[in-house]
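Asker: How does the following fold in three dimensions:
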Amino acid sequence: MTRVAAVDCGTNTIRLLVADIVRDGPDGAVRLRPLHRSSSIVRLGQGVDRTGRFDAEALERTLAVVREYADTCTALQVPLDAAHARFVATSATRDAENRDEFVAGVHDALGILPEVVTGQEEARLSFAGSLLGTGGGAVAGDEDGEAAGGGALSSPRLVVDLGGGSTELVLGVAAPQSAYSMNTGSVRITERHLADGVTPAAEAAARAEVRALLDRAADAVDLGAAARLVGLAGTITTVTAHALGLESFDREAIDGAELSVERVLAACDAIVHSTAAQRESWGYLLPGRRDVIAAGALVWSEVVARVVADTTAAGHPLTMTVTSLSDILDGIAVSLAPAGDAA
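Answerer: Residues are numbered from 1 along each chain as shown. Below you'll find the model as predicted:
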């Protein structure tokens, strides 16, 4: 058993997972036994799309949480070294000219260097994490596409990790076969198009941008090959909570939820055109996500609609989506499995 700490630092949210990596069960698969999860909306990517730099206040907000995470890791007896802790920074950090300030601040607070990963690595980690939640609990499968944990993975799944600054699309069975990182997400679309509200013109411009990016993504990833569409991250869990009619965030109800595409698209439309008062009343929607959820739902609706169109053209129309609460954070944690354990 190895105790590890994983940090996922995105454009809007920073999260910590402390877990034990274990081998158990008759299959001997590598699994995670979570001990602690934390999540804070810090909006690290505030203004980065426009200025190309981290805002000083956003940087300090984020580093303050990193210092809290260091205390948590110490309390839970996680060695703060590269073998036991991994800090992954994604879209906003890739774009920021002054990322060195962030890297130095994280190193000072946590004792390890953050990794500014590529969109391809972000996609790979997201895919690995999704298998832990909706693929039978296994890290990877065998050559026949059967999950090591017993879940059937014989057909390609399209995993979509919709973040604040980027959206990863990954197609594969037990491992990624192709992937593409779109430079769009809830924060980026809000700042570019919806900062003053969702007007018809602003919505049309936002949708046109996302559709153009999906055209490029389709050149790299065969969206029509997807037999299953798995959605990850805060925007998609919020859409799922809305579609389910939840009063508050319910992990058991959301994780693994299967919804018809009609239900998903209806929920997205309701969120895109919601009022500030409505968003404030939704108990499953955190305050730090209220101003960007319309943009996130817009992106998710465009992804779902495009996958439905492409799978229909391929002769097997997609009718359902799946939501997974196991995502890139879990993928980061399991990547720390000792040599010989990781799949």
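Asker: packing partners for the helix or strand encompassing residue 294?
Answerer: Applying DSSP states H and E as the criterion places residue 294 in helix 293-313. Helix 293-313 sits against strand 157-162, strand 167-172, helix 186-189, helix 200-220, strand 228-232, helix 234-244, helix 261-272, with contacts defined as 3 or more CB pairs under 8 Å, 6 or more residues apart in numbering; DSSP states H and E. All C-beta spots, glycine's among them, are computed from the backbone N, C-alpha and C.
Asker: Make JSON lines out of those and add mean neighbour count and mean pLDDT.
Answerer: Listed next are those as JSON lines, based on neighbours: other CB atoms under 10 Å; pLDDT from 0 to 100:
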{"stretch": "strand 157-162", "mean neighbour count": "27", "mean pLDDT": "96"}
{"stretch": "strand 167-172", "mean neighbour count": "27", "mean pLDDT": "95"}
{"stretch": "helix 186-189", "mean neighbour count": "29", "mean pLDDT": "94"}
{"stretch": "helix 200-220", "mean neighbour count": "15", "mean pLDDT": "97"}
{"stretch": "strand 228-232", "mean neighbour count": "25", "mean pLDDT": "96"}
{"stretch": "helix 234-244", "mean neighbour count": "25", "mean pLDDT": "96"}
{"stretch": "helix 261-272", "mean neighbour count": "19", "mean pLDDT": "98"}
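Asker: To residue 65, which of these lies closest?
Answerer: helix 234-244 (15.8 Å; CB to CB).
Asker: Convert that closest one to CSV, retaining C-alpha atoms only.
Answerer: Once non-C-alpha atoms are left out, helix 234-244 reads as follows in CSV (Å, rounded to 0.1, in the frame of the first residue of the first chain):
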residue,chain,number,x,y,z
GLY,A,234,-17.8,20.4,-12.6
THR,A,235,-19.8,21.8,-15.5
ILE,A,236,-21.0,18.3,-16.4
THR,A,237,-21.8,17.2,-12.9
THR,A,238,-23.8,20.5,-12.5
VAL,A,239,-25.8,19.8,-15.7
THR,A,240,-26.4,16.2,-14.4
ALA,A,241,-27.6,17.5,-11.0
HIS,A,242,-30.0,19.9,-12.8
ALA,A,243,-31.3,17.1,-15.1
LEU,A,244,-31.9,14.9,-12.1
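Asker: Buried ones in the helix or strand following it, by neighbour count?
Answerer: Downstream of helix 234-244, the first helix or strand assigned by DSSP H and E is helix 251-254. Judged by neighbour count (16 or more other CB atoms under 10 Å), helix 251-254 contains these buried residues: 253, 254.
Asker: cool, stretch 180-198 as well?
Answerer: With burial defined by 16+ other CB under 10 Å, the residues of stretch 180-198 counted as buried are 180-194, 198.
Asker: what do you get for stretch 50-67?
Answerer: 54, 55, 58, 59, 61, 62, 63, 65, 66.
Asker: I'd like those as CSV, with distance to residue 221, secondary structure and pLDDT appended.
Answerer: Shown next, in CSV, are the buried residues of stretch 50-67 (distance: CB to CB, whole Å; DSSP: H, G, I helix; E, B strand; the rest coil; pLDDT from 0 to 100):
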residue, distance to residue 221, secondary structure, pLDDT
54, 30, coil, 89
55, 33, coil, 90
58, 31, helix, 92
59, 33, helix, 92
61, 34, helix, 93
62, 31, helix, 94
63, 35, helix, 95
65, 33, helix, 96
66, 33, helix, 96
